[in-house]
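Enquirer: sequence and predicted structure are below.
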Amino acid sequence: EAGVAQSPRYKIIEKRQSVAFWCNPISGHATLYWYQQILGQGPKLLIQFQNNGVVDDSQLPKDRFSAERLKGVDSTLKIQPAKLEDSAVYLCASSLAGPPGGLFFGEGSRLTVL
Amino acid sequence: GDSVTQMEGPVTLSEEAFLTINCTYTATGYPSLFWYVQYPGEGLQLLLKATKADDKGSNKGFEATYRKETTSFHLEKGSVQVSDSAVYFCALSLTSYDKVIFGPGTSLSVIP
């Protein structure tokens, strides 16, 4: 079974530029998450999708971050314009809907903002 | 709000030593509890889980027991190996919609 796929693995941009990250979850997983992991900290949930709908985006900085999940499968997370403090690893995870069986994570996309 | 607290690292142990990483939580209701592990250069992986009080999760020689009375889920292993060197995250899931909240992580280094 293929795991959660993310791209790009690494991205370096200047502040005020834009960047987009892509995620393809495990086939059949209805729930998709984007987490931000700053060095030395635990992952922080940015947004959670259930199929096409947003379940929780309370910690998403909506003035600069946006995310979509078209057709309930792939998802894209965009940052525009980027700030220095956005330097982090952006983790995508997926899970089956229903009782919590744990999340399956991709390898992450490491963003460096200069 | 709901949160997870872990013992601060880094933790350095000799091979074959006993490991305990403390984890306590604050949550409304009765969450499911997890330990995730992040090996160097890799993504997070689920290590073990427990979904109700007194459940014991176990995997790869690691164990953790869901203690509702002390709101704890401490991770233990009887004899650590160099290959156990990683960052360990305690997490909880609010069963109503699977939101997962992570602790700050505890870095473990095992030396030969």
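Expert: In hand now; what should we look at? All values reported here derive from a predicted model rather than from experimental measurement.
Enquirer: what's the burial count for A:Ala2?
Expert: Each residue near A:Ala2 was counted by other Cβ atoms under 10 Å in any protein chain shown, and the total is 8. In this view, the C-beta of every residue, glycine as well, is placed from N, C-alpha and C.
Enquirer: spit out the contact partners of it.
Expert: Contacts for A:Ala2 were tallied using Cβ atoms under 8 Å, 6 or more residues apart in numbering or on different chains; they are A:26-27.
Enquirer: quick one: the strands in the chain?
Expert: You didn't say which chain, so I picked chain A. Counting by DSSP state E, chain A has strands at residues A:5-7, A:10-13, A:19-24, A:31-37, A:44-50, A:53-56, A:65-68, A:75-79, A:88-95, A:104-105, A:109-113.
Enquirer: right idea, wrong chain: chain B
Expert: Taking DSSP E as the criterion, chain B contains strands spanning B:3-6, B:11-14, B:19-21, B:23-26, B:32-38, B:44-50, B:56-59, B:62-65, B:75-77, B:86-94, B:99-102, B:106-111.
Enquirer: could you identify which of these is most buried?
Expert: Among the strands of chain B, the stretch with the highest mean neighbour count (mean count of other Cβ atoms under 10 Å in any protein chain shown) is strand B:32-38, at a mean of 25.
Enquirer: what sits closest to the most centrally placed residue in chain A if chain neighbours are left out?
Expert: Centroid-nearest residue in chain A, with Cα atoms, centre = their mean: A:Trp34, separated by 2.9 Å. Spatial nearest neighbour of A:Trp34, chain neighbours left out: A:Leu46 (4.5 Å); criterion: Cβ to Cβ, 6 or more residues apart in numbering or on different chains.
Enquirer: so which elements touch the lowest-mean-pLDDT helix or strand in chain B?
Expert: Taking mean pLDDT, DSSP states H and E as the measure, the helix or strand of chain B with the lowest value is strand B:99-102, at a mean of 86. With contacts defined as 3 or more Cβ pairs under 8 Å, 6 or more residues apart in numbering or on different chains; DSSP states H and E, the secondary structure elements packing on strand B:99-102 are strand A:44-50, strand B:3-6, strand B:86-94.
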